[in-house]
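In: Following is a predicted model, sequence given first.
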Amino acid sequence: MKAVFLSASGELGGAERVLLDLLAALRETRPAWELHLVAGADGALPRAAARLGVAVHPLPLPPSVARMGDARISAGAPRLSLLPGLLLAGPAALRWLRRLRALLRRIGPAVVHTNGFKVHVLGALALPPGARLVWHVHDYVGSRALMSRLLRRLAGRCAAAVCVSRSVAADVRAVCGPGLPVRVVLNAVDLGRFSPQGPALPLDALAGLPAAPAGTVRVGLVATMGVWKGHAVFLRAVARLPESAGVRAYIVGGAIYATEGSEVEVAGLRQLADELGISARVGFTGFVAEPAAAMRALDVVVHASTQPEPFGLVIAEAMACGRAVVASAAGGAAELMRDGVDALAVPPGDAAALAAAIARLAGDAALRARLGAAGREQAEREFDRTRLAAEVAEIYRGLAGG
């Protein structure tokens, strides 16, 4: 089997970490397969893939194409705001597409596996004769004004859509219609890397804060800086906690994506913390290369997305690390957890409910330990990356043989 994977991003956001885990598991379990990665940008993803023995082909996206996206429209910007970007990106996108088409024909893959909306489109347009296209869908497409139209038109070129949750699968079926085969394959994590044992990051030092007093309960939002990841909700929840709760909060993450309008600014979050009067109780670590080590430094990991989460990789990762989790119960995230058993569930965007859940965990070490242990058991049952490789390999074989 010869497979080519396409990624617009070179950095390790959630979708890219899943792709890297898939590549690692396929390399371990199908060593005879020939794996290639076409990376639209340099970064940790192509470097890590190369260390796995994957053939990496750098093909940098033009800046106008990398910035283009409809995240701003999903956040409320007018649809016409896309027009200048489309006009600027058009010629550059066509040139990049010709290079991609030539590269794919030289490689001659049986399967082209795309990992993100931009490369779903570009991969469909560049698909070489005889290859089967697999879209790995990590996000909802129905809310994307431009991408929903493009994917609906291109669905006939796609042999299968791999969706990360039942919630995403339902969305893809609604957009693309019944003709596109849809398979649900849950994301996975490296259970050796994301585990309760291992080094922990010095979060206070990274955030430029003095060492926290003994007995402080560390609570962190570990996420990309996506506009809907709930950073402001988290800060407002922290502001509702009295100082006597003994909680120190951390925002762990930094900007990684080039798409215009897709991320919040840390400066704005710092200003909000100042306005809420909690600057001394909140640390901003910036991007961390080892999220597992960040999670091990926390007592509670918070997932605060304000919109339905397609999957909620941080939930699975925090469970694997044996940490107590508070998560927004909507979309695919709600499929991962059992409220009160392996996590505490709160309504998305509800700062008061989030504050109450944090306060409950801060005051009950036994509950934190019980949720953490149950979360690790859930991760071992559901999120092993060997399972991910087996399910995806079965799809490939069904499409292309081998």
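Out: The structure has been received and is ready for your questions.
In: show me where pLDDT drops low in the protein?
Out: The chain contains residues with pLDDT under 70 at 68-89, 255-262, 402.
In: Report the residue ranges of every domain in it.
Out: What automatic domain parsing lists as the domains of the chain is 2-188+384-400, 203-382.
In: Now do residue 295: how many residues are near it, please.
Out: Residue 295 has 28 neighbouring residues, counting by other Cβ atoms under 10 Å. Every residue, glycine included, has its C-beta placed from N, CA and C.
In: contacting residues for it?
Out: Residues counted as contacts of residue 295 (Cβ atoms under 8 Å, 6 or more residues apart in numbering) are 194, 220, 222, 301, 317, 318, 321, 323.
In: Which of the residues you listed fall in helices?
Out: 317, 318 (DSSP state H).
In: Would you reformat the contacts of residue 295 as a markdown table and include neighbour count and distance to residue 127?
Out: Below are the contacts of residue 295 laid out as a markdown table (neighbours: other Cβ atoms under 10 Å; distance: Cβ to Cβ, whole Å):
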| residue | neighbour count | distance to residue 127 |
| --- | --- | --- |
| 194 | 24 | 34 |
| 220 | 25 | 42 |
| 222 | 23 | 36 |
| 301 | 29 | 39 |
| 317 | 27 | 33 |
| 318 | 33 | 37 |
| 321 | 29 | 39 |
| 323 | 25 | 42 |
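In: So for stretch 387-401, what gets flagged as buried?
Out: Neighbour counts over stretch 387-401 (16 or more other Cβ atoms under 10 Å) mark 388, 389, 391, 392, 393, 395, 396, 399, 400 as buried.
In: Need the max-distance pair from these.
Out: 388 and 400 (18.5 Å; Cβ to Cβ).
In: re the thing from before, among the buried residues of stretch 387-401, which lie within helices?
Out: Counting by DSSP H, the buried residues of stretch 387-401 contribute 388, 389, 391, 392, 393, 395, 396, 399, 400 to helices.
In: elements contacting whichever strand or helix holds residue 151?
Out: Residue 151 is located in helix 145-154, with elements delineated by DSSP states H and E. Using 3 or more Cβ pairs under 8 Å, 6 or more residues apart in numbering; DSSP states H and E, the elements in contact with helix 145-154 are helix 71-74, helix 117-126, helix 166-176.
In: Using TSV, please lay out those together with distance to residue 345 and mean neighbour count.
Out: Converted to TSV, these look like this (distance: least, Cβ to Cβ, whole Å; neighbours: other Cβ atoms under 10 Å):
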stretch	distance to residue 345	mean neighbour count
helix 71-74	24	19
helix 117-126	28	23
helix 166-176	15	19
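In: Redo those helices as TSV? Include distance to residue 254.
Out: Listed next are those as TSV, based on distance: least, Cβ to Cβ, whole Å:
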stretch	distance to residue 254
helix 71-74	17
helix 117-126	21
helix 166-176	26
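In: For residue 63, find the nearest of those helices.
Out: Of the helices and strands packed on helix 145-154, nearest to residue 63 by Cβ to Cβ is helix 117-126, at 13.1 Å.
In: and the angle from the closest one to helix 145-154?
Out: Helix 117-126 and helix 145-154 are oriented at 30 degrees to each other (axes from the mean of the first three to the mean of the last three Cα atoms, to 10 degrees).
In: Return the alpha-carbon coordinates of the helix or strand following helix 117-126 using CSV.
Out: Note on helix 117-126: by DSSP H and E, the next helix or strand toward the C-terminus is strand 132-137. Extracted C-alpha coordinates of strand 132-137, given in CSV (Å, rounded to 0.1, in the frame of the first residue of the first chain):
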residue,chain,number,x,y,z
ARG,A,132,-8.8,7.0,-4.0
LEU,A,133,-9.3,10.1,-1.9
VAL,A,134,-10.1,9.9,1.8
TRP,A,135,-11.1,13.1,3.7
HIS,A,136,-10.2,13.0,7.4
VAL,A,137,-12.8,15.4,8.8
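In: and the direction of strand 132-137 versus that of helix 145-154, what angle?
Out: Going by the same axes, to 10 degrees, strand 132-137 makes 150 degrees with helix 145-154.
In: Tell me where the chain has strands.
Out: Counting by DSSP state E, the chain has strands at residues 2-7, 34-39, 55-58, 111-114, 132-137, 160-163, 182-184, 217-222, 247-252, 282-286, 300-303, 324-328, 344-346.
In: Show me what the last one is packed against.
Out: Think strand 344-346. Packed next to strand 344-346, using 3+ Cβ pairs under 8 Å, 6+ apart, are strand 324-328, helix 351-362.
In: What of the third one?
Out: For strand 55-58, the packing partners by 3+ Cβ pairs under 8 Å, 6+ apart come out as strand 34-39, helix 44-51.
In: hey, which of these is tucked in deepest?
Out: Highest mean neighbour count of the helices and strands packed on strand 55-58: strand 34-39, a mean of 22 (counted as mean count of other Cβ atoms under 10 Å).
In: partners of that strand in the sheet?
Out: strand 2-7 (parallel), strand 55-58 (parallel) (DSSP bridges).
In: need those strands in JSON lines with mean neighbour count and distance to residue 173, can you?
Out: Shown next, in JSON lines, are those (neighbours: other Cβ atoms under 10 Å; distance: least, Cβ to Cβ, whole Å):
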{"stretch": "strand 2-7", "mean neighbour count": "25", "distance to residue 173": "23"}
{"stretch": "strand 55-58", "mean neighbour count": "16", "distance to residue 173": "32"}
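In: Turn those strands into TSV, columns for distance to residue 135.
Out: Formatted as TSV, the strands paired with strand 34-39 follow (distance: least, Cβ to Cβ, whole Å):
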stretch	distance to residue 135
strand 2-7	10
strand 55-58	20
